[in-house]
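In: Requesting a structural model of the entry that follows:
(2 chains)
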Amino acid sequence: MADAGVEALTTFEQLLAGGLLAGLVFALVAVGLTLVYGVMDVVNFAHGEFLMLAMYATLGLALVGIGPLVGLPLVAIALFLFGVVIYRVFIRRLLAGPPEATVFGTFGLLVLLQGLAQSLFTGDFQSVPHPPFQGTLRLGAVALSQATLVEGIGALVLTGALFAFVEYTETGRAMRAVAEDRVAATLMGIDVQRVNALAFGIGAACVGAAGALLMLSFPVFPTAGASFALTAFVVVALGGFGSIQGALVAALLVGMLEVLGGYYLAPELKMVPVYVAYLAIVLLRPQGLLGRR
Amino acid sequence: MRWHLLALGAIVVLGAAAAFGLRDAVTLDLFFTLLLYAVLGQSWNWISGYAGNISFGHAIFFGCGAYASALCVTHGLSPWLAIPAGALVAALLALVTGFPTLALRGHYFSIATIAVAALVDAFVRTQPWLGRANGFELPIQSGWAALQFPDKGPYVLLALALFAIVQLATIALERSRLGYYLRALRANHAAAASVGIDERRWKLIAFAWSATMAAAAGVLYAQYTLFVDPPSTIALAISIDIALIGVVGGIGTLWGPAAGALVYVVLAKGVALRIGGTGKGYDLVIYGAIICLIAAWKPHGIVGTVVDALRRRRGAADIPPGATGTA
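Out: Numbering: from 1, shown residues only, chains lettered A, B, ... in the order given. From the prediction side, this is the model:
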């Protein structure tokens, strides 16, 4: 009897640890999304496809001998530049139209990027050859795969760095000013277009880093980013659109709900508790956990 | 309005002529798909275009019809019964899910529709009587009583009839109290509420009608493909297809969904068939590029842009672009 109880507790701890690590990766993906939303009121529906591109970029580097962790800064910089260019040539134009233009414009980008990946790289699942961190690590009763641990810790460090950047740097302050009141920010001499482009680039760099981390344990295929992005949308809405702290709290909650749902219900039903929690919370607090009305 | 009715009449006559005259199965299949997506796009347009609540879960109502059809046929009932039954279930589902969620603003509503649709999808996948993940294969029959035909012609006729009904209903909507209230709510919900428009009540009515139309399309789809499973009827991908058709053509316009369906079916699917088939992603590249171009340069959609241009030519220069039909 006592053994069964200890066993159940260990399983639960194990799941909690797994959920926490998954949540940290969701946080990194979601923070990029919510930053862009906060600064320019755009939900980038192609966010998951940016992640997919980052995963292919990591794969490409791995094929020429540069491993995912060494490649991470390169991929993040590449995605930052990609984001800035996409903002300058496309998103800026969408912002001049009606609100729904940004919704279907970024959806169009999603479809386009998935199609390009499909025609360039085929629909096959592809993984980094000989990825590092293959063992498991024991922490007390909990056994964790090293790759998952590196992904979680890496995501935590990067999310923290982004948070510090937005909170304590001059550019970060400018971003928060634009998010708060665009007109007032313009009057204070802030170049809104520059801040927007930077925020969009940083949002893309977040998934650039996340994509490099995820290649430690996931294969890439044209729709690989879609499921992560879907979770990230729920995380961002649950936390409150535009709130970075909200996204962090929600990401950890969603990560744990997903892992627990996948274990106690069924793997294909893992999102059920996440969606139930979203509906329950948003019906009580229509602005999400930490969002502004 | 006269012009709308004339245009609709012309489409019905030409479509019927095509249904009787054409024998090429590929062309008739494109016609059928075009009409089906036009109906689904218009159904979405009621709640997301006119009422302004962007839904990414509309496929569940389409699924209600498709599953009603599958259940009726596999239980020895007439598929005609599936039309009222599927419509009723869809309308109830819209009322039950719309009651709490329609009050949510903007993206919070959109994400809620994704959540509701995912829960419906998960429910279907766990229920043996709904065929779980395997779905249903409908037994092959023939004739009007069984709503199944060896040729594609009658299917095109049925889809054409459904399209005509839905377009007529939308013409009526645009001139009805419901239509004016929805557009008022969409333009400014607080202002509309201050003059006594009950947001929840009118949006629920629109949502229920919208679901009914999608369910009718679902019945027709099931009878056409004779196969119903979650990925082909209620999945997120289908919901997104429906929403994109709605916005590409022009959100909140009478002919927008039909124009959007034309772009999707003819340009994306038709062109892809010619240059090497699907599966290589060319159709997605073309379709995605078209959506990007429209979003960046004609953000009011195809029909919205045409309507704006017509209004401007008639001298109503004081109306800002996009205000017509969309506001």
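In: use CA for all of it now, contacts and neighbours both
Out: Fine.
In: Could you tell me which residues of the stretch 151-300 of chain B lie near chain A?
Out: Counting by CA under 8 Å from any CA of the partner chain, the residues of the stretch 151-300 of chain B close to chain A are B:244, B:247-248, B:279-292, B:294-297, B:299-300.
In: What residue, apart from its backbone neighbours, is nearest the residue nearest to the spatial centre of chain B spatially?
Out: What sits nearest the mean C-alpha location of chain B, by CA atoms, centre = their mean, is residue B:40, with 1.3 Å. Among residues not flanking residue B:40 along the chain, residue B:214 sits closest, at 5.5 Å (CA to CA, 6 or more residues apart in numbering or on different chains).
In: pLDDT score for that neighbour?
Out: Note on residue B:214: pLDDT of 98.
In: Where does it sit: helix, strand or coil?
Out: helix (DSSP: H, G, I helix; E, B strand; the rest coil).
In: where does residue B:299 fall, helix, sheet strand or coil?
Out: Residue B:299 - assigned by three-state DSSP - is coil.
In: isn't there a helix covering residue A:143?
Out: No - assessed with three-state DSSP, residue A:143 is strand; it does not lie in a helix.
In: and the helix or strand bottoming out on mean pLDDT in chain B, C-alpha only, in CSV?
Out: Among the helices and strands of chain B, helix B:271-274 carries the lowest confidence by mean pLDDT, DSSP states H and E, at a mean of 70. The C-alpha trace of helix B:271-274 is given here as CSV (Å, rounded to 0.1, in the frame of the first residue of the first chain):
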residue,chain,number,x,y,z
VAL,B,271,-3.7,25.9,-60.6
ALA,B,272,-2.0,23.3,-58.4
LEU,B,273,-3.8,20.6,-60.4
ARG,B,274,-2.2,21.9,-63.5
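In: list the helices and strands it packs on?
Out: Counting contacts by 3 or more CA pairs under 8 Å, 6 or more residues apart in numbering or on different chains; DSSP states H and E, helix B:271-274 is packed against helix B:282-297.
In: The next helix or strand along the chain from the helix it packs on and chain A, any residue contact?
Out: Per DSSP states H and E, the first helix or strand lying C-terminal to helix B:282-297 is helix B:301-313. No - judged by CA under 8 Å from any CA, helix B:301-313 makes no contact with chain A; its nearest approach is 9.0 Å.
In: Strands of the stretch 51-200 of chain B, start to end?
Out: Counting by DSSP state E, counting those that start in this stretch, the stretch 51-200 of chain B has strands at residues B:136-137.
In: For chain A, what's its nearest residue on it.
Out: residue B:115 (5.0 Å; CA to the nearest CA).
In: How many neighbouring residues does that residue have?
Out: Neighbour count for residue B:115, taken as other CA atoms under 10 Å in any protein chain shown: 24.
In: And for residue A:202?
Out: Using other CA under 10 Å, residue A:202 has 25 neighbouring residues.
In: Residue A:135 too?
Out: Using other CA under 10 Å, residue A:135 is surrounded by 9 other residues.
In: Ok, residue B:173 next?
Out: Other residues close to residue B:173 by other CA under 10 Å number 18.
In: Equivalent analysis for residue B:208, please.
Out: Residues near residue B:208, counting by other CA under 10 Å, number 26.
In: Now do the phi/psi pair for the residue nearest to the centre of chain B.
Out: phi -60, psi -40 (degrees, to the nearest 10).
In: measure it to residue B:115 for me?
Out: 20 Å (CA to CA, to the nearest Å).
In: can you tell me which residues contact residue A:292?
Out: With contacts defined as CA atoms under 8 Å, 6 or more residues apart in numbering or on different chains, residue A:292 is in contact with residue A:240.
In: Surely it is within a helix?
Out: No - under three-state DSSP, residue A:292 falls outside any helix and is assigned coil.
In: and the gap between it and residue A:27?
Out: As judged by CA to CA, residue A:292 and residue A:27 stand 19 Å apart.
In: What lies in contact with stretch A:183-195?
Out: If you take CA under 8 Å, 6+ apart as the criterion, stretch A:183-195 is touched by A:171, A:174-175, A:177-178, A:182.
In: Now rank the residues you listed by neighbours and give me the top one.
Out: Result: residue A:175 is most packed of the contacts of stretch A:183-195 (other CA under 10 Å), 27 neighbours.
In: so who does residue B:189 touch?
Out: residue B:199.
In: Can you give me the pLDDT of it?
Out: At residue B:189, pLDDT is 90.
In: Same question for the one 4 residues further on.
Out: Confidence per residue is given as pLDDT, and for residue B:193 that number is 90.
In: Just give the closest residue to it, not the sequence neighbours.
Out: Distances taken as CA to CA, 6+ apart put residue B:199 closest to residue B:193, at 6.8 Å, once the chain neighbours are dropped.
In: do the same with residue B:222
Out: According to CA to CA, 6+ apart, the nearest residue to residue B:222 is residue B:66 (5.0 Å).
In: And for residue B:238?
Out: residue B:59 (5.8 Å).
In: Could you report the distance from the one you found to residue B:186?
Out: Applying CA to CA to residue B:59 and residue B:186 gives a distance of 23 Å.
In: Show me which of the two is the more surrounded one.
Out: Legend: neighbour count by other CA under 10 Å for residue B:59 and residue B:186, higher for residue B:59 (29 against 20).
In: show me what contacts the more buried one?
Out: Contacts here follow CA under 8 Å, 6+ apart; on that basis residue B:59 touches B:117, B:214, B:233-236, B:238-239, B:242.
In: let's see 7 Å
Out: B:233-235, B:238-239 (CA atoms under 7 Å, 6 or more residues apart in numbering or on different chains).
In: How about residue B:242?
Out: B:40-41.
In: mind checking pLDDT for it?
Out: pLDDT, read off for residue B:242, is 94.
In: hang on, it is in a strand, isn't it?
Out: No - judged by three-state DSSP, residue B:242 forms no part of a strand; its state is helix.
In: List the buried residues in stretch A:211-231.
Out: Of all the residues in stretch A:211-231, those buried under the rule 16 or more other CA atoms under 10 Å in any protein chain shown are A:211-226, A:228-231.
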